[in-house]
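Participant: Predicted model follows, preceded by the sequence.
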Amino acid sequence: MTTSGDTQNPKDAPKAGLKSAEDALSELKAHQAVVSDLSQAQAVLSWDENVYLPAGAAAARGQQLATLSKVIHERATDPRIGEWLELLESSNAADTKADTDTKADTDTDKTALLRETRRGFDHATKLPGEFVETFTRARSAAQSAWVGARAASDFSQFAPHLEKMVELNLRHADFLGFELHPYDALHDLYEPGSSTDKVRAVFAELRDATVPLVRDIAERGRDVSDAPVRQTFPEAEQEAFGVRMAAAFGYDFEHGRLDRTVHPFATSFSKYDVRITTRYEPGFLNPALFGTLHEAGHAMYEQGISSDYDRSVLGQAVSLGIHESQSRLWENLVGRSRGFWRWAYPQLQETFPEQLGGVSQDDFYAAVNKVEPSLIRVEADEVTYNLHVMVRFELELALLEGALKVSELPEAWNAKYKEYLGVVPPNDAEGCLQDIHWSIGMMGYFPTYTLGNIMSVQLFEAAKAAQPTLETDLEQGRFDGLLGWLRENVHEHGSRYQPTELLKRATGSDLDAGPYVAYLNKKFRALYGVEGDGADK
Ligand code: ZN
């Protein structure tokens, strides 16, 4: 293998313990640069698999990806990493003066590098190879069973696999270690520093505010029609408008591109190439439009990470929650705001004169903000979205605690939908079989969607406080002030700060559902003409 970044010279490498801390640090960084290159190459192959792969190439591509995974895992568990870490962690004297940053910055960077390296190395090495193989095989089987079960809307086909996933997630948590709850260990994989108790607390506050808001809207709110966005919109024009908006926000098409896929996503092959995908529905404007703005928000985060962290573990997004805060901020706080549409709506009307020429800006704004309790999470509006997440969080917690049996899941799912959203799925395909996460072994992931929503408002409020003209800027199509603030306070840092510290530095606060609750009440009580803030219900 030719690896330009690998300065390790195995033939004459003494044990790392005999080296200076300075040597250990540069060897560690060189080693990680190669892992970073391999991981990004793997991401290119995955992107291609999702976007362009001819049907007959699936098996060959699967083999290539499996080989790369194996090579990356071998490098990520290289015992030398443990030796380098031990030496560096015990030494405060590593000389990093060669860096051009100030001394304080390089110290912070070094501490962060050791923290992230330790985290990744411990995770990779705490799991026995036998367990990793078992989990991988069980996931493949569970995923294909889930596809079949969903198509047939037959939970019983998936149930034994879900039982296996619960069991394996519990073993996974045991290997990783935890103090209070196995869920802590699993959730921490996606949101470092968060915990089951923290999620429970913010979710309770959000649920208590959201359920009455949804009820008031349903009972007493004025009728809002989404007919304006449910007309025929040709795909080429949808795409052109989405590209124009994403570019206006600051998504850099010189270092990215937009393609089509079935399940939209953003992916990074370094900050210099961050791609987004979307899906067009000719009869519904929202999926591609807001999907593109959402993925552009994810991508701008990756494009904004400091180049100081190229090919480093610090050059990665720090958590899924922070990632989602960026996508939601651009999709909802900007893209679904009245101010944004003051600027954008005339352009959209020009793009679709027949469909929207006679629709007022107020009616269009209402249409893209229609609140309607529904069955499917990914199609949910801003108000009801988090209730979908809470259902999943509470149920996966109960499964892991043994308080809920897998066989009881469909019934429990439907009961929670009735309680929180007032709707009951007519079948399991539209109920507990709708999401892929559990079938690929991901438990502890769902809360990050709602944590992202909560943090998006905290960050947006902090940006507004720092830039008094921010809202009038948005009304005039000027987004560089907001993007600049996000760059400086979130994007640039990559994984330098833990999510909790990043949030605190950017906003002055810890995670707090208060601003999000206030935002939802203000926006949607005004839109639907319902009084109060729900607190007295
Ligand atoms: Zn997202």
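Facilitator: It's in.
Participant: ok, and the closest non-adjacent residue to residue 311?
Facilitator: Among residues not flanking residue 311 along the chain, residue 33 sits closest, at 3.9 Å (Cβ to Cβ, 6 or more residues apart in numbering). Quick note: C-beta positions are derived from backbone N, CA and C, even for glycine.
Participant: What's the local residue count around that neighbour?
Facilitator: 20 (other Cβ atoms under 10 Å).
Participant: quick one: average pLDDT of the helix or strand hosting it?
Facilitator: Here residue 33 is covered by helix 21-51, with elements defined by DSSP states H and E. In this model, helix 21-51 has a mean pLDDT of 95.
Participant: Kindly report the same for stretch 204-211.
Facilitator: Stretch 204-211 comes out at a mean pLDDT of 94.
Participant: just how off-centre is it within its chain?
Facilitator: 22 Å (Cα atoms, centre = their mean, to the nearest Å).
Participant: quick one: buried residues of that stretch?
Facilitator: Across stretch 204-211, burial judged by 16 or more other Cβ atoms under 10 Å covers 205, 206, 207, 209, 210, 211.
Participant: TSV please, covering the residues you listed and showing distance to residue 128.
Facilitator: Output for the buried residues of stretch 204-211, formatted as TSV (distance: Cβ to Cβ, whole Å):
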residue	distance to residue 128
205	40
206	38
207	39
209	44
210	42
211	44
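Participant: so what's residue 473 up against?
Facilitator: Going by Cβ atoms under 8 Å, 6 or more residues apart in numbering, residue 473 touches 467, 479, 481, 482.
Participant: Endpoint to endpoint, stretch 466-477 covers what distance?
Facilitator: This stretch, stretch 466-477, spans 19 Å end to end (Cα to Cα, to the nearest Å).
Participant: let me fix that: stretch 398-406
Facilitator: 10 Å.
Participant: Any buried residues in that stretch, and which?
Facilitator: For stretch 398-406, using 16+ other Cβ under 10 Å, the buried residues are 399, 400, 404, 406.
Participant: try stretch 283-297
Facilitator: 284-297.
Participant: quick one: the helices in the stretch 401-537 of the chain?
Facilitator: Using DSSP state H, counting those that start in this stretch, the helices of the stretch 401-537 of the chain run over 409-421, 447-466, 470-475, 480-489, 499-507, 514-528.
Participant: on that earlier part again, closest to residue 272 among the buried residues of stretch 283-297?
Facilitator: The shortest approach to residue 272 among these belongs to residue 296, at 16.5 Å (Cβ to Cβ).
Participant: Tell me who's in contact with that closest one.
Facilitator: Contacts of residue 296 were listed using Cβ under 8 Å, 6+ apart, and they are 245, 246, 249, 251, 266, 276, 330.
Participant: that older thread, which of the buried residues of stretch 204-211 fall within strands?
Facilitator: Nothing among those maps onto strands, per DSSP state E.
Participant: and of those residues, the nearest to residue 494?
Facilitator: residue 206 (28.6 Å).
Participant: Now for the closest one: which residues touch it?
Facilitator: 386, 390, 450, 454, 513, 516, 517.
Participant: The longest strand seen in the chain to helix 21-51, inter-axis angle?
Facilitator: The longest strand of the chain (DSSP E) is strand 274-278. Following axes from the mean of the first three to the mean of the last three Cα atoms, to 10 degrees, one obtains 20 degrees for the angle between strand 274-278 and helix 21-51.
Participant: Provide the strand pairings for strand 274-278, with the direction of each partner.
Facilitator: Its sheet considered, strand 274-278 pairs with strand 258-260 (parallel), strand 266-268 (antiparallel) by DSSP bridges.
Participant: Can you list the neighbours in contact with the last one?
Facilitator: So the one you mean is strand 266-268. So strand 266-268 is contacted by 40, 43, 46-47, 274-277, 295-296, 298-299, 302, 327 (Cβ under 8 Å, 6+ apart).
Participant: For residue 376, which non-adjacent residue is spatially closest?
Facilitator: Setting aside the residues directly before and after it, residue 376 is nearest to residue 434 in space (Cβ to Cβ, 6+ apart), at 6.0 Å.
Participant: How many residues are close by that neighbour?
Facilitator: 17.
Participant: same thing with the one 3 residues further on?
Facilitator: Other residues within reach of residue 437, judged by other Cβ under 10 Å, total 15.
Participant: Skipping its backbone neighbours, what lies nearest it in space?
Facilitator: residue 445 (5.6 Å).
Participant: residue contacts, that neighbour?
Facilitator: Counting by Cβ under 8 Å, 6+ apart, residue 445 makes contact with 187, 190, 320, 437.
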